[in-house]
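J.: Starting from these lines, generate the structure:
(one chain, ligands or ions: 2)
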Amino acid sequence: MNTTILGYPRIGAGRELKFATEDYWGGRADADALAETGAELRARVWTALRDAGIDAVPSNTFSFYDQMLDTSVLVDAVPDRYRQLTGFDRYFAMARGVQDVPPLEMTKWFDTNYHYIVPELGPGTRFRLADGAAAKPLAEYREAKALGIDTRPVLVGPLTYLLLAKPAEDGFRPLDLLDGLVDVYAEVLERLAGSGARWVQLDEPVLVADRSEEEIDALARAYARLGQLTSRPHLMVATYFGTIGADALRVLARSRVEAVGLDFVAGPGNVDVLASVGGLPRKTLVAGVVDGRNVWRTDSRKALATCASVLGLVDRVVVSTSCSLMHVPIDLDAETTLDPGVKGRLAFARQKVAEVVALGRALSEDAPIPDGAPLPEAGVDRAVRERLGSFGDTRRGDRAARFAAQRDALGLPELATTTIGSFPQTPEIRRARADRRAGRITGDAYVTAMKDEIARVIALQEDLGLDVLVHGEPERNDMVQYFAEQLDGYAATDHGWVQSYGSRYVRPPILHSDVARPRPMTVDWATYAQSLTGKPVKGMLTGPVTMLAWSFVRDDQPLAETARQVALALRDEIADLEAAGIRVIQVDEPALRELLPLRTADRPAYLDWAIGAFRLATSGVKDTTQIHTHMCYSEFGEIIGAIGALDADVTSVEAARSHMELVGDLRAAGYENGIGPGVYDIHSPRVPAAEEIEENLRRALRAVEPGRLWVNPDCGLKTRAYPETEASLRNLVTAARRVRERP
Ligand code: GLN
Ligand code: ZN
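T.: Ligands and ions are numbered 1, 2, ... in the order given. Model (predicted):
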């Protein structure tokens, strides 16, 4: 083989998988219809890859929901609560839950925006090959073969599977299940060999994060066992999303695996690591030189130079993508409205496959690279660059002085009540947005509809007795896209869907050039809301890190630089809001933890620029203007110190599920500003009783003074309906009052 890819989008160019699964869930289609759509999508991908000239086509990269979930099903790691169900119903119950049976947990796949279903493993877990010869990787291998395509089945590697699992009970270590798991993998490999498979890909992305000695030993044990099988396909161990550890690479080098995949895009350090372990003299290197996670065209000269630099260190080099292409949209050709200057810089999955093929030819046949149109350059905004140069340390004034100034200016009670920003997005709101997009209503009619909604939301909040109000965000389709559409330097796609989880796909905007704010983005809505009430209305913005994390971002300059440009645009927006009389401004950073580098050593530098960008955005205001921030989680771990460094006056976080423990944790980490621990979980329609919220508040008050405690739900309300929202907020206000009255 000369060329391969590690995986391909499975959702279909027309989002067929989404519609088929949702039809099945909704009872509009049966299991056979769903299975048939799956088979069609797989066949389409395999034939397209073969026809494009990829030598080694992967299989088992299709999934009806998620590849980690598929692995759990493959090895029968099915918790008892799902066992009374079968087939698709069991599978989707594990992913999404059914009445009275909660789903497995879901969490982010490394530092991507893809979410996987977390295996739940305990002392009672007994792995076995659940479906024998009908198991998914075997069935899909045969299915492709019947189409005349000999594929390389892809499996989540045993180490990655266990290290990403969650213990079913405290103190249990999933890694202790390694030997039993490897037995099942051995059986899969033997059966695949029996069916004629010549190669298998085992994905071990956990090897690009810090690993303990014990984990490295486990790696050695697992691959020694698999390597020794007498009848097995060739083994390719793929790593991606960063630089492999030298200890892990040494283990693989000594093992009998025939090929190792390294990601030279996210892990340029892989060249050095490879050299430091003396290369892989008798093995194949699958060189990930085409970025599988971002949308930019490959610089073929650079990619070839990377391949050339490692030629002497390995037996042979196969050109590949850095990771599965499932993280990028499918086809650039479907985009007809993109600016040509931007489009000329892009490659989606289909285009990246062509790049891999061309690079493979160039490498093996010394064929010249078909030099497509030259890469256009990013747009430069000199004014933005000059202004950015003038900001030094961007810290706000003395914290105590700010606290006093805001107390006097805002006149808020202790345990001030507020919400995180969005109110329920009703069908009417969605319809108005869709009508506006489709040109069925005029801009004026749209503005009127939104203003009516804002007026309703303000009146409701007054009635509920909340202290700091919001306008409710009815005009926002999405907290990143809304701003991306208004900033220079960003573009939107029409069909650029990427799977986020299950049938939820997102269309991330593309940040391609210098970012600038041609005009205010939120001021009209905020000031309209403020004009309706004497209470402070909180302005609502998305922070620089989140603006990058949920977009495809230019890779021709450091992220830190791009973050500062976004921050400057936000700084200007904040100044305009302040000048327009908005006294409280929230800058959401739900993605702050998400972009945290996988390796500990890289984290300080990341936090440094992330914090710097937030402070650049928020430090231009007067002491009387109160800055809030919001994050949707409570496990701060590595970033707990960063929360204080952001220097927001108030930080709201998720805390209900962990019984307010976070408040004490934050204080212990030196955080001294206002804290709004989410006092109830908005992710379910359940209405919390006032007593329950009261208890949470009293618990929080053990760690924070009443003047610094804020009372709010744990996230925005946009996914909720009005009945439970009103009832919950009423109880929230009641609880806050009770605690104020009887501290
Ligand atoms: N202000 C946003 C909202 O309320 C925050 C969303 C988020 O944290 N993900 O919807
Ligand atoms: Zn949130």
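J.: any idea how far residue 645 lies from residue 395?
T.: 9 Å (C-beta to C-beta, to the nearest Å). For glycine as for every other residue, the C-beta is placed from the backbone atoms N, C-alpha and C.
J.: Report the contact partners of the residue nearest the centre of the chain.
T.: In the chain, the C-alpha nearest the mean C-alpha coordinate belongs to residue 113, at 1.9 Å (C-alpha atoms, centre = their mean). Residues near residue 113 by C-beta atoms under 8 Å, 6 or more residues apart in numbering: 327, 498, 500, 506, 508, 549-550, 594.
J.: Between those, which sits nearest residue 7?
T.: Minimum distance to residue 7 across the contacts of residue 113 is 9.1 Å, recorded for residue 327 (C-beta to C-beta).
J.: thinking the closest one is in contact with residue 498, fair?
T.: Yes. In this structure residue 327 lies within contact range of residue 498 using C-beta atoms under 8 Å: 6.2 Å.
J.: where do the contact lists of these two overlap?
T.: Common contact partners of residue 327 and residue 498 (C-beta under 8 Å, 6+ apart): 113-114.
J.: ranges for the strands of the stretch 101-250 of the chain?
T.: Secondary structure of the stretch 101-250 of the chain (DSSP state E, counting those that start in this stretch): strands at 106-108, 115-117, 120-121, 152-156, 166-167, 199-203, 234-238.
J.: And the second one, what does it pack against?
T.: Using 3 or more C-beta pairs under 8 Å, 6 or more residues apart in numbering; DSSP states H and E, the elements in contact with strand 115-117 are helix 67-74, strand 106-108, strand 498-501.
J.: Now distance to residue 15 too, for the strands of the stretch 101-250 of the chain, in TSV please.
T.: TSV is the format used below for these (distance: least, C-beta to C-beta, whole Å):
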stretch	distance to residue 15
strand 106-108	20
strand 115-117	17
strand 120-121	30
strand 152-156	22
strand 166-167	30
strand 199-203	25
strand 234-238	27
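J.: For stretch 538-558, the averaged confidence score.
T.: Mean per-residue pLDDT for stretch 538-558: 97.
J.: Just the CA coordinates for that stretch, please, in PDB.
T.: Coordinates of each C-alpha in stretch 538-558 appear next as PDB, following Å, rounded to 0.1, in the frame of the first residue of the first chain:
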ATOM      1  CA  LYS A 538     -27.000  41.200  31.400                       C
ATOM      2  CA  GLY A 539     -25.300  41.600  28.000                       C
ATOM      3  CA  MET A 540     -24.300  38.200  26.500                       C
ATOM      4  CA  LEU A 541     -21.300  37.300  24.500                       C
ATOM      5  CA  THR A 542     -19.300  34.200  23.500                       C
ATOM      6  CA  GLY A 543     -15.700  34.200  24.700                       C
ATOM      7  CA  PRO A 544     -12.600  34.000  22.400                       C
ATOM      8  CA  VAL A 545     -11.600  30.500  23.300                       C
ATOM      9  CA  THR A 546     -15.100  29.200  22.600                       C
ATOM     10  CA  MET A 547     -15.200  31.100  19.400                       C
ATOM     11  CA  LEU A 548     -12.200  29.200  18.300                       C
ATOM     12  CA  ALA A 549     -13.000  25.800  19.800                       C
ATOM     13  CA  TRP A 550     -16.300  25.400  17.900                       C
ATOM     14  CA  SER A 551     -15.000  26.700  14.500                       C
ATOM     15  CA  PHE A 552     -12.400  25.500  11.900                       C
ATOM     16  CA  VAL A 553      -9.600  27.900  12.600                       C
ATOM     17  CA  ARG A 554      -6.800  29.100  10.200                       C
ATOM     18  CA  ASP A 555      -3.600  27.200  10.900                       C
ATOM     19  CA  ASP A 556      -1.200  29.800   9.300                       C
ATOM     20  CA  GLN A 557      -0.600  31.600  12.600                       C
ATOM     21  CA  PRO A 558      -0.700  30.500  16.200                       C
END
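J.: can that stretch be found next to ligand 2?
T.: No. Counting by C-beta under 5 Å from the ion, ligand 2 is not contacted by stretch 538-558; separation bottoms out at 10.2 Å.
J.: in that stretch, what counts as buried?
T.: Neighbour-count burial for stretch 538-558, with 16 or more other C-beta atoms under 10 Å as criterion, is recorded at 538-554.
J.: Of these, which belong to strands?
T.: 538-542, 552-553 (DSSP state E).
J.: Out of those, flag the one nearest to residue 298.
T.: Nearest to residue 298 out of those is residue 552 (C-beta to C-beta; 14.5 Å).
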